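[1] return atomic coordinates for the entry below.
(chains A, B, C and D)
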4 protein chains.
Amino acid sequence: MFNIRTDLALEAKEIYENDQKSTEIPGVKIENKDLENCKVTIVEVIDEQGSKIMNKGIGKYVTLESNLMKFDDDESREEMITYLKDELVEILGEDKTKKTLVIGLGNWNITSDALGPKSVSKTLVTRHIFKNYNKDYDDDFTEVSALSPGVMGITGLETSETVKSIVDMIKPDRVIAIDALASRKMERVNSTIQISTAGISPGGGVGNKRKALNKDYLGVDVIAIGVPTVVDAATLTSDVLDLAIDNLMSQSNEGENFYNMLKQLKEDEKYHLIKESLDPYDKNLIVTPKDIDETIENLSIIISEGLNRSLHPGRITN
Amino acid sequence: MFNIRTDLALEAKEIYENDQKSTEIPGVKIENKDLENCKVTIVEVIDEQGSKIMNKGIGKYVTLESNLMKFDDDESREEMITYLKDELVEILGEDKTKKTLVIGLGNWNITSDALGPKSVSKTLVTRHIFKNYNKDYDDDFTEVSALSPGVMGITGLETSETVKSIVDMIKPDRVIAIDALASRKMERVNSTIQISTAGISPGGGVGNKRKALNKDYLGVDVIAIGVPTVVDAATLTSDVLDLAIDNLMSQSNEGENFYNMLKQLKEDEKYHLIKESLDPYDKNLIVTPKDIDETIENLSIIISEGLNRSLHPGRITN
Amino acid sequence: MFNIRTDLALEAKEIYENDQKSTEIPGVKIENKDLENCKVTIVEVIDEQGSKIMNKGIGKYVTLESNLMKFDDDESREEMITYLKDELVEILGEDKTKKTLVIGLGNWNITSDALGPKSVSKTLVTRHIFKNYNKDYDDDFTEVSALSPGVMGITGLETSETVKSIVDMIKPDRVIAIDALASRKMERVNSTIQISTAGISPGGGVGNKRKALNKDYLGVDVIAIGVPTVVDAATLTSDVLDLAIDNLMSQSNEGENFYNMLKQLKEDEKYHLIKESLDPYDKNLIVTPKDIDETIENLSIIISEGLNRSLHPGRITN
Amino acid sequence: MFNIRTDLALEAKEIYENDQKSTEIPGVKIENKDLENCKVTIVEVIDEQGSKIMNKGIGKYVTLESNLMKFDDDESREEMITYLKDELVEILGEDKTKKTLVIGLGNWNITSDALGPKSVSKTLVTRHIFKNYNKDYDDDFTEVSALSPGVMGITGLETSETVKSIVDMIKPDRVIAIDALASRKMERVNSTIQISTAGISPGGGVGNKRKALNKDYLGVDVIAIGVPTVVDAATLTSDVLDLAIDNLMSQSNEGENFYNMLKQLKEDEKYHLIKESLDPYDKNLIVTPKDIDETIENLSIIISEGLNRSLHPGRITN
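    Purely as a prediction, here's the structure:
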């Protein structure tokens, strides 16, 4: 039985291709765009079969990969914001009557998990102004509200219930949920954005903080924006193990069979094997770059600006 | 027409007494307790007449005044927490089946307004544990959840609507709302706690961030805990004007009539006169002690600990 | 005896002019520039007589007044940064071999006092890179180091001694000291920048945190950059008192003599009279706009960017 | 050639014992104390031979290992503070005339590295009060000053030079330097405190932020207090690799020779092999528990309180 656990549809696709030695995934359509400094991959899960294989809900998953996110200068940031804005406009459309509720998922007290709340704090909210002036429409801005519901350990409340009760009260046309994700590959951390129309399905990622935030539960469209900010320790170990064994083998031709046995392990089996070996350790280990605090700040600017420009078209000044 | 604007029932009472030269307020009952390092005043607004005079909802207003709040050492803090806890237990009762939702009002980005959110962040929440273990009752803890809804400029949402939608979802037995208040007297700032059973009535205080959070609107008991953390600039000026004129008069007997005219102004008229004079200035001026950041931190410990000990009786360790 | 207490040379000048009914100040030269959205006043204290009258050290005091600092958008910020950069280049010169030590004065735990440390944290330091590559000169960057020495209550150290010991160690060609100031006028708060070549003289401002940071003590040029972020409560009261009494007088012609007596008080005498009346209150009262946290953040961007562009000419990207 | 790289003398000792199959280390004396909830190990490096083997300066290294540090309640914290205080008093002595400068090493912008600055911010400084009252001695307090010099990327200054220039200015009798360390073992992270009389020797730990802070360079006694807050990714991988290979071997007897070859690698060689394999990744990867922010806060309370109680004996209230 094949079961892929990763927050990124792109990685689910790669794991499938690796294991099945095939680039054709039943029920899944892939499209690539190579922009100047950004690689865009669109994974579309079309039907139940695709959903089962990928362990992802039906919908579009747009992934932007770019090293621009790793630089802290205005120019790189500006370029990345433009790439993100373009993909967001593609998915969100340009209907200025649509009302949006932006939700920042995650725990603001944990740096690597604070991307959602930090992005929300920089999102331009306008709902109170629309209400105040009794407006339904504006040429330059759309109606936006935003909330970071916190996590259960902080509030005692189920995040998804909190969001649902706000949605029921203010009845937005869509929810945009921003979250920190976990990646299987260290090189993707803090340099990948996934935009998905499938909402946030349960069981993804490192923790289990999320119950489904999707159209089924909330009754409105849910667009998820996520950035992998950590890999779990098992993932890293697994990756490095491969490299280390290659190194060892090149120094000795002993143990060739053993090596081949390792090679033949499916990636997912190896992951679980190592996960087990990590058991004596704290289960909440994460691997991050040392400068995670600055990185999250930078990413939150990119995401909030991308959002602000797609939701408030009249606000762009240059 | 007599109209008192202050967040503190205690100050409304003082203003009435001052202006009417009477300590008997129709529809209002006053009680005092002199504890060792803390003065407790209980103002009870009994009926509509009292409510009108005081510009405060019907209910109890317990005010603790103590300089203990101004000291940053463990001993002073511990003593103050005990005074607060005792008054809270008096008002909240000791029924361990009651479910509480704690709400931190105010803007966490503005130091002087962050008391509510900061207190909430230190409140021990247990609702998720009760849910997880399918419990309704515990000997040591009661079911508590907590949320800081933010302010309209941050979320685009009406605070009171957000609270109402959460109350409707989780159906607590009561809401405890913590907020930073404005005082008329500088000496009360950061050394006074008001606990009220009347909820938070609209129109109080400096800003206008609050729509009614009371039983009428939310359908459950609302207990408000507030600490004045600022005076507005008009208040301070008005107080100092009195003192300054006294000083001036003692140096000259010119202008006696003018001075008497000033003396005869009702306090509230004088306030509005000065408010007008302040008009060329920014209307959002506040007067605070310079060390406001530390003070708010200290107050949030006192309030959250007072709450934790009254809501979770089994948690007290000494 | 005439004694002006204000951090701003511009205000000292105004007080003198007001009291002496003269725009000619002996030993002081005044120059004005009216830029599009910014008023620049250059007060030059030429000799000892001027220094005594102004209660300010000999040197240039360039004041930029602009409402641009009150807006939080990129465009206003960008324009203000350009004005500041131009004045800084005028004063600092363009010699790329000069080594600069930037000092952020003030207490980072007190929002209104944190401007220096916050600006320093955004200043681009390069000294370690020059050392690493054994360079003395670069076309695009100059050698810059930066430190926030904290205040005595935090470190137990005299700020000026700490700075002197660092200066003696690394021997920069000049020190640039950034500090939050106090103003006499509410309308100047957060909308005025003073650049001075006279260093920071003792006895200025609200507190007394500063011993002289000037060429005499440090042995190198000291350029001070300051923004008034507060007025003290006595100042505000004094200003409002004038307005309030005008208001009162217009409603009555009683007390004319008293009013005239008030009018004849020198501004500084009145200040001290009110300062006395405030004595029963905490002496550390300050008056600030409510949104001081955001304002200080914005100002620190303007100052650090102005500095970065004048110190690192090759860094400007647009 | 044998070369141990770890910040903890305790780990150097363990590695030696493991590799040499001997518990006798030439030039090193070991002592153990088993307290109720805390294991204390005293490693004393006596001579040059010991220093070479251990890759550590001559001096005492007292290690406290306790899970108490992992709990966030007052009782655990209080117990841990007492253990720490006792060991500090042992090393610092009780001479109340000694003047102490406390230095918080590390980068306050990086959560896992902020332990030093955070502890310093909670340390009670008294030097300015001694100076103010012209005192040399007090029954209850000793003269303490404190500074967090920042790191080179923030200041452009060498940390050790900054410290030296302050030491030369204020001439304390000793320096206490607090720092975040790196451990070889995940289970030691955030549950170990090392107090050392040997200062902080260069070349330790993850980064290379520290040049020697020791008696040779500073001219006064240097006591270092360190807590491992991270392991580097290579360390973790190496540990897990062992466990994973054990697991794999138990499922197959292929590759026995290869396995034995791995077993025969000295721990340090294996570390470097893996370090190399990690090369394609960011070199600044760290592994931390997810709740690192809270953990560092808790540890900084323990260290600062332990220090405050040993330096200010009259301050203890219970």
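
[2] can I assume A:Ile81 is in contact with A:Arg309?
    Yes. Using CB atoms under 8 Å, A:Ile81 is in contact with A:Arg309, at 7.0 Å. Where you see a C-beta, it was placed from the backbone N, CA and C, and this is true even at glycine.

[3] now for the longest strand along chain A, which elements pack on it?
    Among the elements of chain A assigned as strand by DSSP state E, the one spanning the most residues is strand A:221-232. For strand A:221-232, the packing partners by 3 or more CB pairs under 8 Å, 6 or more residues apart in numbering or on different chains; DSSP states H and E come out as helix A:115-121, strand A:174-183, strand A:192-196, strand A:285-289, helix A:292-311.

[4] quick one, the second one and helix A:292-311 angle?
    It refers to strand A:174-183. Following axes from the mean of the first three to the mean of the last three CA atoms, to 10 degrees, one obtains 150 degrees for the angle between strand A:174-183 and helix A:292-311.

[5] picking that back up, what mean pLDDT does the longest strand of chain A get?
    Averaging the model's pLDDT scores along strand A:221-232 yields 92.

[6] do the same with stretch A:68-86
    Rounded to a whole number, the mean pLDDT of stretch A:68-86 is 94.

[7] and of the helices and strands packed on strand A:221-232, who's closest to chain B?
    helix A:115-121 (7.4 Å; CB to the nearest CB).

[8] ok, the closest one near chain B or not?
    Yes. Helix A:115-121 reaches chain B (CB under 8 Å from any CB of the partner chain) through A:Ser121.

[9] report whether that helix contacts chain C.
    No. Using CB under 8 Å from any CB as the criterion, no contacts between helix A:115-121 and chain C are found, and the smallest distance is 11.5 Å.

[10] extract the C-alpha set from that helix and format it as CSV.
    What follows is the C-alpha trace of helix A:115-121 in CSV, where atoms were taken according to Å, rounded to 0.1, in the frame of the first residue of the first chain:
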residue,chain,number,x,y,z
LEU,A,115,4.1,32.6,9.3
GLY,A,116,0.3,32.8,9.1
PRO,A,117,-0.3,35.2,12.0
LYS,A,118,2.6,37.4,10.8
SER,A,119,1.2,37.6,7.3
VAL,A,120,-2.2,38.4,8.6
SER,A,121,-0.8,41.2,10.7
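
[11] run through the residues that contact A:Val231.
    With contact taken as CB atoms under 8 Å, 6 or more residues apart in numbering or on different chains, A:Val231 is in contact with A:Ala182, A:Ser183, A:Arg184, A:Lys185, A:Met186, A:Val189, A:Ile286, A:Val287.

[12] also near chain D: which of these, exactly?
    Restricting the contacts of A:Val231 to those near chain D by CB under 8 Å from any CB leaves A:Met186, A:Ile286, A:Val287.

[13] run through the bridge partners of the last one.
    The residues listed as beta-bridge partners of A:Val287 by DSSP bridges are A:Val231, D:Val287.

[14] so where's chain A uncertain?
    Counting by pLDDT under 70, chain A contains low-confidence residues at A:1-5, A:201-211, A:234, A:238-284, A:316-318.

[15] please repeat the previous calculation with a cut-off of 50.
    Scanning chain A with the threshold set as pLDDT under 50 gives A:1-3, A:202-210, A:318.

[16] on that earlier part again, quick one: buried ones out of the ones next to chain D among the contacts of A:Val231?
    Among the ones next to chain D among the contacts of A:Val231, the ones that count as buried by 16 or more other CB atoms under 10 Å in any protein chain shown are A:Met186, A:Ile286, A:Val287.

[17] from the residues you listed, which is closest to B:Gln20?
    Nearest to B:Gln20, judged by CB to CB, of these is A:Ile286 at 65.1 Å.

[18] state the distance from the nearest residue to that closest one once chain neighbours are set aside to A:Arg188.
    The spatially closest residue to A:Ile286, leaving aside those adjacent along the chain, is A:Val230, at 4.2 Å (CB to CB, 6 or more residues apart in numbering or on different chains). Using CB to CB, to the nearest Å, one gets 11 Å for the distance from A:Val230 to A:Arg188.

[19] more neighbours, these two?
    Each of A:Val230 and A:Arg188 has its neighbours counted (other CB atoms under 10 Å in any protein chain shown); A:Val230 has more, 27 against 21.

[20] OK, contacts around the more buried one?
    Taking CB under 8 Å, 6+ apart, we find A:Val230 in contact with A:Ser112, A:Ala180, A:Ala182, A:Ser183, A:Val189, A:Val206, A:Ile286, A:Val287, A:Thr288.

[21] the helix or strand hosting A:Gly50 - contacts with which helices or strands?
    Taking DSSP states H and E as the definition, A:Gly50 sits inside helix A:48-54. Other elements packing on helix A:48-54 under the criterion 3+ CB pairs under 8 Å, 6+ apart are helix A:9-20, strand A:28-35, strand A:38-45.

[22] could you list the buried residues of that helix?
    Of the residues in helix A:48-54, those buried by neighbour count under the rule 16+ other CB under 10 Å are A:Gly50, A:Ser51, A:Ile53, A:Met54.

[23] after it, which helix or strand is next? Please name it.
    Taking DSSP H and E, what comes next after helix A:48-54 is strand A:59-65.

[24] note down every partner strand of that next one and its orientation.
    When sheet partners are counted by DSSP bridges, strand A:59-65 sits next to strand A:38-45 (antiparallel), strand A:192-196 (antiparallel).

[25] between strand A:174-183 and the helix or strand just after that strand, find me the angle.
    Moving toward the C-terminus from strand A:59-65, the next helix or strand (DSSP H and E) is helix A:74-92. Counting by the same axes, to 10 degrees, helix A:74-92 points 120 degrees away from the direction of strand A:174-183.

[26] next, the buried residues of helix A:74-92.
    Taking 16+ other CB under 10 Å as the basis for neighbour counts, the residues of helix A:74-92 that come out buried are A:76-77, A:79-81, A:83-88, A:91-92.

[27] ok, back up a step: between the strands paired with strand A:59-65, which gets nearest to A:Leu8?
    strand A:192-196 (5.6 Å).

[28] what about A:Ser145, which helix or strand?
    Since the elements are taken from DSSP H and E, A:Ser145 ends up inside strand A:144-147.

[29] care to break chain A down by domain?
    Domains of chain A are assigned by automatic domain parsing as A:9-231+A:292-309, A:235-278.

[30] I'd like those domains as JSON lines, with distance to D:Ile170 appended.
    Formatted as JSON lines, the entries for the domains of chain A read as follows, by distance: least, CB to CB, whole Å:
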{"stretch": "domain A:9-231+A:292-309", "distance to D:Ile170": "32"}
{"stretch": "domain A:235-278", "distance to D:Ile170": "45"}
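
[31] could you say which of the ones you listed is packed most deeply?
    Ranked by mean neighbour count, these are led by domain A:9-231+A:292-309 with a mean of 20 (mean count of other CB atoms under 10 Å in any protein chain shown).

[32] what's the span of that domain, first residue to last?
    From its first residue to its last, domain A:9-231+A:292-309 covers 26 Å (CA to CA, to the nearest Å).

[33] same deal with stretch A:136-155?
    33 Å.

[34] can you check stretch A:55-63 too?
    The distance separating the two terminal residues of stretch A:55-63, taken as CA to CA, comes to 17 Å.

[35] residues making contact with it?
    A:3-5, A:8-10, A:12, A:40-48, A:50-51, A:87, A:90-91, A:192-199, A:201, A:203, A:214.
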